Structures are given as C-alpha cells and as structure tokens.
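Trainee: Quick check, what structure comes out for this input:
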Amino acid sequence: MNCWPLFLICLITLSSLPTHAGVRAGAAEQEITPKTGLEIQHYFRKSIGVRDPLFVRCLYLEDASGNAVAIVGLDLIMASFETCDELRAEIREKCGVQHTLLNFSHTHASAALGPRGRSTVSNDEDSRWNDRTLDSIIAVVAAARKQAEPVSLRAGRADVQVGFNRRLVNTGNGHIFMGVNRKGPTVPWVNVLVADSLRTSKTIAVLFEHAAHPVIAPHTSKLTSADFPGAAGKRIREVLGNDVITVFGQGCGGNINGFPLRSTHERADEAGRRLGEASLKAIESSKRITARTLSIKSTTVTLPSASLPGRELLAEMMDLEKNNAKRMKQLRQIEKLIKQGEQPPGRRFDAHAVMLGSEWCLTAMPHEMFCQYELWIDKHAPFRNTMTFAFTNGYEGYVAVDEALALGARGGYEAGRLPNWGGQVYTRHLGPPAVGVEKIVKAALSSLWPSLSDSEKSN
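Mentor: Numbers count the residues shown, from 1 in each chain. The predicted model follows:
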C-alpha cells in the first residue's frame with residue numbers, strides 16, 4: 001500500500017493549523033476592598049462603608065522566547081516609586097516575572113498604597129490592609145502566569161469621552177483655574193486589547209484604557225468606590241461574562257476631569273457604563289494581531305525642576321506667610337537650598353514600551369501626565385495600534401507640557417510655581433518641572449520605539 005498521499009495530506013493539514021509558538025496569556029483578579037474605617041484619599045476622610053468593591057487585576061503576556069510582562073490594574077489612587085520598586089522586586093523574586101507595569105486608576109474614593117511594613121498611614125488596621133494588598137498583587141500575578149495559555153490577540157478603539165479638559169484661562173489676569181473646558185484637548189477614545197483562548201475560542205481578558213480623572217464620585221461621600229472605571233469593567237462583564245478579567249489602565253488624564261466633577265455615585269456609574277459600551281464596540285470591531293514576539297524596553301531619565309524664586313520674592317513670601325506653618329516649612333526648605341546654591345531635585349521618569357511587532361504598542365510612564373502626551377504618542381508612535389498608560393510604577397505629581405509650564409506663577413494648580421501655592425509647591429521638588437521637560441519626555445518615549453526621524457521626535 002502506498003502511504004505517501006496520506007502522509008502528504010497529514011502534513012498539509014498540520015501546517016494549516018495554528019501553532020502554539022506564539023503569545024500566551026493568563027489573567028486573574030482579587031478583591032482588595034478595605035474594611036470600614038480606611039482613610040480615603042483624596043480628600044482625606046474616614047470611610048464608613050463601600051459603594052462598590054476595589055480590585056487588583058492582571059493580564060500576563062509571554063512569548064515563546066520567554067519575553068513576558070505582567071500588566072496590573074489597581075483600583076487605588078497612587079503609590080510612590082519606593083513602593084512600586086519594592087513590589088516589582090518581590091514579583092520578580094516570587095513569581096519569576098521580570099517586567100511588571102503597576103497602573104493605578106487614580107480613583108479619588110480609594111486609598112494610596114505604601115511600602116510593606118511602612119504604610120502611608122499610621123492606623124494599624126490600614127497598615128494591615130496595605131500589606132495584605134501587596135500580598136494580593138503578588139498572588140494575582142502568580143495566578144495569571146500559572147494560567148497562561150495560547151491566545152489570539154485583538155486590538156481596537158472606539159470613540160468615547162467621560163470627561164473634559166479642566167484648565168481654563170481667567171481673561172482678566174491670565175491665570176489658569178480649574179473648570180470645564182469643552183474646547184480644550186482630551187483623549188476622546190478607549191483602546192482595548194483582547195486575549196482570546198485558542199483552546200476554547202472564549203475571551204480570557206480585556207485590557208482597556210481611557211484618560212480621565214476618576215473624580216465623579218462626590219468628595220463628601222465616605223463610601224469607598226472605584227468610580228467610573230469600576231462601572232465600566234462591570235458593564236463589559238455583563239455582556240462578555242463574569243469569567244472575563246477586565247483590566248483598566250489609566251491614560252494621560254492629568255488635565256482631564258471626569259464629568260460631572262464630584263457629583264454623585266450614580267453619575268459615576270453612568271459614565272462608567274458609557275465607557276463600558278464604547279469598550280464593547282471597540283472589542284467588536286477589533287483586529288487580530290499576528291505578531292508572535294513580545295519586545296519590552298525601558299529607560300529612565302530625570303526631569304529637572306523649575307528654578308527657585310529669587311531672594312527678594314522669597315523674603316516677601318516669608319513675611320506674608322509667617323503665621324502659616326505648612327507654607328513656612330516649604331519656604332524654609334527653599335531658603336536652605338538657595339543658601340547652599342542648589343536646585344530642587346528633579347523627577348524620576350521611567351518609560352516603558354511593550355510591543356508586538358509594528359502592530360501594537362503599550363507605552364507606559366509614571367506621574368499625572370497631561371493628555372497632550374498621549375495625543376502625541378498616538379500621532380508619532382510607529383505602530384498600527386497604540387495604548388498609553390500614565391500613573392504607572394511610581395508617582396511624583398503632575399508633568400505638564402511646556403506651554404503650561406511657561407506660564408510660571410499663572411500656570412494653575414498643575415503647572416504653577418511660587419508665588420502660586422499650587423499642589424506642586426508642596427512636593428519635595430518645591431514647584432513644577434522646568435520648561436523643556438516636554439522635549440525630554442518625548443525623546444525618552446521615542447527611544448523605546450523603532451527609530452523615528454529627528455523631525456518626528458521633535459514635533
């Protein structure tokens with residue numbers, strides 16, 4: 001009997017089947033809602049209950065060469081570089097994952113995460129919650145890696161906007177103040193990455209990203225809440241199934257407020273449902289990613305801080321604020337640096353890129369980045385699909401664009417310097433970043449991607 005035709009048929013059949021030498025993915029989640037009494041940030045207040053639960057969720061990706069990344073979404077407001085560095089080191093040691101992106105949704109109805117055994121709060125119960133949460137994050141990454149299986153990936157985008165630019169100009173004095181700027185720049189879309197099991201054809205996880213402050217839940221409420229990102233994930237699962245892990249990533253929403261600001265929990269739910277519906281549209285229209293190799297790159301630069309005020313202005317301010325202990329503390333620190341001939345420390349800026357050929361790139365960075373950075377990435381990154389995270393792996397305040405920083409004292413809460421007592425002055429940097437950081441940020445980000453021309457990098 002001649003077996004060659006049967007052999008050829010088998011060979012052709014096998015070659016047409018999808019191989020498993022591509023990307024594998026796993027996903028997991030765990031609730032991290034604290035008990036009643038936790039100190040909510042921001043504004044600071046003691047919780048009296050829970051409006052909706054907080055979660056840590058992880059999408060783990062790896063390729064056949066062993067390149068891997070854990071993308072972690074947290075329903076928390078923020079964490080320091082110290083906290084993130086220590087946690088990522090623990091994940092490397094205990095989970096064997098070299099690259100971890102810890103993204104914070106920045107919901108203002110949650111809590112900050114502190115270092116193990118050295119929580120950001122003094123309350124014993126809060127400290128115990130803090131360390132339990134660190135353990136939960138490690139456990140979720142380990143579970144996601146353990147469950148990894150061959151997948152097909154899809155990327156998509158749909159139009160949506162749950163917030164508005166929050167920077168308005170006072171026409172009288174040229175100062176920036178916070179309000180609803182319907183004409184200002186925003187990031188009017190949601191990006192999705194979908195992981196479908198090759199074994200079952202079912203969706204394992206959805207990574208979705210949007211840029212806006214989760215500040216729709218009222219600051220007067222003492223109920224813990226994930227704000228609109230939590231409601232968005234819930235809506236996605238209502239349609240795709242509760243076994244689908246929905247990982248939210250906060251984009252460059254430093255100058256975008258969710259709308260309406262500090263209104264009601266119900267309005268936060270409405271905004272979240274809109275975001276969830278848009279995510280479902282993006283999932284439905286998403287396109288398959290054929291690249292089989294992950295490329296993960298990182299770089300670190302320092303963003304210089306703005307110059308300190310002159311001696312004459314400092315003397316005037318110290319006389320004016322002599323009865324304000326909090327302000328005098330910062331002014332004395334400025335005085336000390338001036339006498340020593342030193343400048344305030346710069347901000348650490350770690351940039352990361354997770355790439356799948358030229359088809360998809362997740363660019364991640366720390367801090368509260370202005371939305372213009374995400375718009376620039378989308379325009380200039382040499383990929384078919386882009387996704388952008390801010391609030392990742394560390395936090396030291398706002399990073400505005402140069403146009404805002406050039407306003408000096410008129411720059412508003414996010415970008416102003418003395419004699420404007422904006423939020424930046426109360427940091428260890430004693431003010432905002434210096435004019436010129438926009439170019440540094442863009443150079444750092446573009447250094448991670450396949451080469452761009454010099455003209456593209458500078459635009």
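Trainee: make it CA atoms for all contacts and neighbour counts henceforth
Mentor: Noted.
Trainee: Show me what stretch 98-108 is in contact with.
Mentor: 40-43, 68-79, 84, 88, 91-92, 213-215, 217, 219, 225-227, 229, 248-250, 364, 389-393 (C-alpha atoms under 8 Å, 6 or more residues apart in numbering).
Trainee: looking at the protein, which helix or strand is least sure?
Mentor: When the helices and strands of the chain are scored by mean pLDDT, DSSP states H and E, helix 4-16 comes last with a mean of 38.
Trainee: which of the contacts of stretch 98-108 count as buried?
Mentor: Among these, those classed as buried by 16 or more other C-alpha atoms under 10 Å are 40-42, 68-79, 84, 88, 91, 213-215, 217, 219, 225-227, 229, 248-250, 364, 389-393.
Trainee: where along the stretch 51-200 of the chain do the strands fall?
Mentor: 55-62, 68-74, 78-79, 100-104, 112-113, 149-159, 163-169, 176-181, 189-197 (DSSP state E, counting those that start in this stretch).
Trainee: What number of residues are in the vicinity of the residue nearest to residue 357 when sequence neighbours are not counted?
Mentor: Among residues not flanking residue 357 along the chain, residue 291 sits closest, at 5.5 Å (C-alpha to C-alpha, 6 or more residues apart in numbering). If you count neighbours by other C-alpha atoms under 10 Å, residue 291 ends up with 16.
Trainee: Might you report the residue contacts of residue 291?
Mentor: 22, 356-357, 359.
Trainee: now residue 381
Mentor: Residue 381 neighbours (C-alpha under 8 Å, 6+ apart): 446, 449.
Trainee: Helix, strand, or coil at residue 216?
Mentor: coil (DSSP: H, G, I helix; E, B strand; the rest coil).
Trainee: residues contacting it?
Mentor: By C-alpha under 8 Å, 6+ apart, the residues touching residue 216 are 227-228, 258-265, 267-268.
Trainee: now with 7 Å?
Mentor: 227, 258-264, 267-268 (C-alpha atoms under 7 Å, 6 or more residues apart in numbering).
Trainee: Against residue 186, how distant is it?
Mentor: Note on residue 216: its distance to residue 186, by C-alpha to C-alpha, to the nearest Å, is 17 Å.
Trainee: host element of the residue lying closest to residue 421 once chain neighbours are set aside?
Mentor: Distances taken as C-alpha to C-alpha, 6+ apart place residue 413 nearest to residue 421, at 7.9 Å, with adjacent residues excluded. Element membership for residue 413 (DSSP states H and E) is helix 412-415.
Trainee: residues making contact with that helix?
Mentor: Contacts of helix 412-415 (C-alpha under 7 Å, 6+ apart): 175-177, 398, 400, 404-405, 422-424, 432.
Trainee: Looking at these, which one is closest to residue 235?
Mentor: residue 398 (30.6 Å; C-alpha to C-alpha).
Trainee: Look up phi and psi at that closest one.
Mentor: Per-residue torsions, residue 398: phi -90, psi 150 (degrees, to the nearest 10).
Trainee: next structured bit after the helix or strand where residue 275 lies?
Mentor: If you go by DSSP H and E, residue 275 is part of helix 265-284. Sequence order places strand 287-289 as the next helix or strand after helix 265-284, per DSSP H and E.
Trainee: Any idea how far that following strand is from the middle of the chain?
Mentor: 24 Å (C-alpha atoms, centre = their mean, to the nearest Å).
Trainee: Next, the buried residues of that strand.
Mentor: 287, 289.
Trainee: what's in contact with that strand?
Mentor: Residues outside strand 287-289 that contact it (C-alpha under 7 Å, 6+ apart) are 153-156, 359.
Trainee: buried stuff in stretch 254-262?
Mentor: Result for stretch 254-262 [16+ other C-alpha under 10 Å]: buried residues 254-262.
Trainee: Let me see the ranges of the strands in the stretch 351-459 of the chain.
Mentor: 360-364, 368-369, 385-389, 398-399.
Trainee: List the pairing partners of the second one within its sheet, with orientation.
Mentor: When you say that, I think you mean strand 368-369. Strand 368-369 sits in its sheet next to strand 398-399 (parallel), going by DSSP bridges.
Trainee: pLDDT (mean, whole number) over the partner strand?
Mentor: Mean pLDDT, computed over strand 398-399, is 98.
Trainee: roughly how far out does that strand sit from the chain middle?
Mentor: Distance, centroid of strand 398-399 to centroid of chain: 13 Å (C-alpha atoms, centre = their mean).
Trainee: Perfect, that will be all.
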